[in-house]
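Undergrad: Starting from these lines, generate the structure:
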Amino acid sequence: MRPEPQKWIVGKQYPVVPGELFYMSIRNEEKLRELQDWQKANDALDMVQKGLDDYLETKRGAFARFYFLSNDELLEILSQTKDPLRVQPHLGKCFDGIGKLVFGENNIIEGMYSGEGEKVLFGGENITPTSMVEQWLTLVETYMFKSVDRVANESLVAYDKTDRPKWTTEWPGQIIITVTQIDWTRCIDSALIAGGKALQEYAEKSATDLEAIVQLVRGDLPKLVRKSVSPLIVSATALYERASKTPTRPSSRFMKPLATVMSCASSEVQAGAPGARHPRSTAT
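TA: Down below sits the predicted model:
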């Protein structure tokens, strides 16, 4: 009788005995079960990840500015809903112009600070944070727009009553630029309607006002005020150059659409619209 062929294991230089074959079979079964367990755990992890992504998507749907945050940053906020101060480090990504919020007693939100440290209150309106972060952040967004609009209107009224250099030191930088551009537009409209040398006279007035701001910046100013006033020089210089290069008698192609705008403005004046005031003759 021919002898039974010997079985070999790769890497081994001796024949496999029956006991070794049984041991290998058991090990293979254990590894297979281990692999199946890993696959089940991986599937469960995928389900958890999908559920987490869906949850974060609902939060982003409720407050769209959450899209500016990574999943880790958003989770840090949502995991600390009892402490609204934990939102502070991430405000800069949600609101480009807000550095931090003004918290009063019992964490009541009363206003906001810009990234430069300019403080704007919500005009007596407060926000009480709740566990629903997306809800009270939506209120912050609403009050932000209302507060900037309110402060801009207050500043516009003060602009006509206060010496211009002094006025620029009393308001936030964004408000200064906005109000001075509003006044520049009004004055240019009036000069174009008046015709003659009105535009050239306004350009000369703008140069005088610009020089006053330059002298103000060269003086001793607090760091925050200097930051607010300095951009005004760049803006005013550009607008002054435009005004000085504009012909004193604009073409009919330019005046035709302007006439329509001024006709609407005249109607507001006759109706006694609150914002219909004769512009002050100053530069931006």
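
Undergrad: got the contact list for residue 126?
TA: Each residue near residue 126 by Cβ atoms under 8 Å, 6 or more residues apart in numbering is listed here: 104, 108, 109, 110. Glycine gets a C-beta too; all of them are placed from N, C-alpha and C.

Undergrad: Pull the most distant pair out of those.
TA: In the contacts of residue 126, the most distant members under the criterion Cβ to Cβ are 104 and 109, with 7.6 Å between them.

Undergrad: thinking again about what came up before, among the contacts of residue 126, which are in strands?
TA: 109, 110 (DSSP state E).

Undergrad: So which of the contacts of residue 126 is surrounded by the most neighbours?
TA: Using other Cβ atoms under 10 Å as the neighbour test, those are led by residue 109, with 22 neighbours.

Undergrad: Per-residue pLDDT of that one, please?
TA: Predicted confidence (pLDDT) at residue 109: the value is 94.

Undergrad: quick check: domain ranges of the chain?
TA: Residue ranges of the domains in the chain are recorded as 64-156, 162-271, according to automatic domain parsing.

Undergrad: burial count for residue 229?
TA: 20.

Undergrad: what about it, helix or strand, and which?
TA: The secondary structure element spanning residue 229 is helix 223-245 (assigned by DSSP states H and E).

Undergrad: Now the element after the helix or strand hosting residue 49, going C-ward?
TA: Residue 49 belongs to helix 18-62 when elements are defined using DSSP H and E. Toward the C-terminal end, the helix or strand that comes next after helix 18-62 (DSSP H and E) is helix 71-78.

Undergrad: So which bits of that next one are buried?
TA: 74, 77, 78 (16 or more other Cβ atoms under 10 Å).

Undergrad: that older thread, just put the domains of the chain in JSON lines and tack on distance to residue 38.
TA: Written out in JSON lines, the entries for the domains of the chain read as follows (distance: least, Cβ to Cβ, whole Å):
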{"stretch": "domain 64-156", "distance to residue 38": "24"}
{"stretch": "domain 162-271", "distance to residue 38": "56"}
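
Undergrad: hey, least reliable of the ones you listed by pLDDT?
TA: domain 162-271 - the lowest mean pLDDT of the domains of the chain, at a mean of 74.

Undergrad: Would you mind naming the residues that bridge with residue 119?
TA: According to DSSP bridges, the partner residues bridging residue 119 are residue 113.

Undergrad: Going forward, count from 304.
TA: All set: I'll call the first residue 304, so the last point we hit is now residue 422.

Undergrad: I'd assumed residue 413 was in contact with it.
TA: No: using Cβ atoms under 8 Å, residue 422 is not in contact with residue 413, being 9.8 Å away.

Undergrad: Can you work out which residues contact both of the two?
TA: Listed contacts common to residue 422 and residue 413 are residue 405; contacts here mean Cβ under 8 Å, 6+ apart.

Undergrad: I'm done for today, thanks for sticking with me.
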